[in-house]
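> Got a sequence here, can you build the structure:
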Amino acid sequence: MKAIIIDDEKRARHLLSNLLIEHCLAIKAISEASDLKTGVDLIKTEHPDIVFLDIEMPNQSGLEILEYFPNQIDFKIIFVTAYNQYAIEAFKLSAVDYLLKPVDITELKEAVAKAKEAIDANNLSGQLDKLRDSLKQLSMDKIAIEIPKGILFASHQDIVYFEADGMYTDVQLVEGNQKTICKPLKHFVEQLAENPMFFKCHRSYLINLKYVEELVKDDGDYLLMSNQKRIPISKSKRDQFLEVVKETFM
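Have a look, this model is predicted:
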């Protein structure tokens, strides 16, 4: 069998390659790529049996491979990830194979053996459809946030508010973490338009109503969030806010 490793970290590629050479004798040839686009080009020329695909890469997430292969594929994908717990949930739902970094030798051997069985049985059709369906299901309660190391799948319930910062957006999460995203606030307003718990109270803020503690009418109206952040609410939005609260909570 032939394999391709797609990972932006050179050390990670070489480590996985050495593990395959030493412990997975069924793999006779291994190629490497440092980014998704190069990897896709390599897939189209090398026609591998297995592709080991890192999720968290700077320019494109490994999950975006679906965009390059809209139809069925003739190779087995094994995703490799260091920490993306929500992507792992999707993989479990769709029975898509994945490995956690640092790669465990036993798990690697099992994943390769499983892939070989699927290849020998010509049972590769449908794996991308299963992944698409799982990610679609996942998106009903989570939002994809592009971060420098890939894509963070954050639960709607874990987001306190979005704050505009020019053409960027700061995303405040429940546990106190803040992520700066290279997308304008408008992107998230449109993405969450169908979720009644998110309300654009000000041109610079999109809030999660779940974390509003108080509407304060003092020195200009503002909303006090659960983390004690004071978020302004524009006069034009105040009546709409009260109406939304009434519809949602009363």
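> where along the chain do the helices fall?
Ranges of helices in the chain, per DSSP state H, are 10-23, 36-46, 85-94, 105-120, 127-139, 185-191, 235-249.
> I'd like to know which of the ones you listed is closest to Phe198.
In terms of Cβ to Cβ, the element of the helices of the chain nearest to Phe198 is helix 185-191, at 8.0 Å. In this view, the C-beta of every residue, glycine as well, is placed from N, C-alpha and C.
> what residues does the closest one touch?
Here helix 185-191 makes contact (Cβ atoms under 8 Å, 6 or more residues apart in numbering) with 143, 162-164, 169, 171, 200, 204-206.
> Give me the subset of those residues lying in strands.
Mapping the contacts of helix 185-191 onto strands (DSSP state E) picks out 143, 162-164, 169, 171, 200, 205-206.
> picking that back up, spell out which two among the contacts of helix 185-191 are the most distant pair, please.
Those two in the contacts of helix 185-191 that are separated most widely, counting by Cβ to Cβ, are Ile143 and Ser204, at 18.8 Å.
> List the buried residues in stretch 7-16.
Neighbour-count burial for stretch 7-16, counted by 16 or more other Cβ atoms under 10 Å, picks out 7-8, 12-13, 15-16.
> no no, stretch 196-210
Within stretch 196-210, the residues scored as buried using 16+ other Cβ under 10 Å are 198-202, 204-210.
> mind giving me CSV with these and columns for distance to Val216?
Shown next, in CSV, are the buried residues of stretch 196-210 (distance: Cβ to Cβ, whole Å):
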residue, distance to Val216
Phe198, 20
Phe199, 16
Lys200, 19
Cys201, 13
His202, 14
Ser204, 18
Tyr205, 15
Leu206, 19
Ile207, 14
Asn208, 18
Leu209, 16
Lys210, 18
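> Mind putting those into TSV with distance to Glu243 and pLDDT?
Converted to TSV, the buried residues of stretch 196-210 look like this (distance: Cβ to Cβ, whole Å; pLDDT from 0 to 100):
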residue	distance to Glu243	pLDDT
Phe198	15	91
Phe199	10	93
Lys200	14	93
Cys201	13	93
His202	16	93
Ser204	21	95
Tyr205	18	96
Leu206	17	96
Ile207	15	95
Asn208	18	93
Leu209	12	91
Lys210	17	89
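> Alright, calling it a day.
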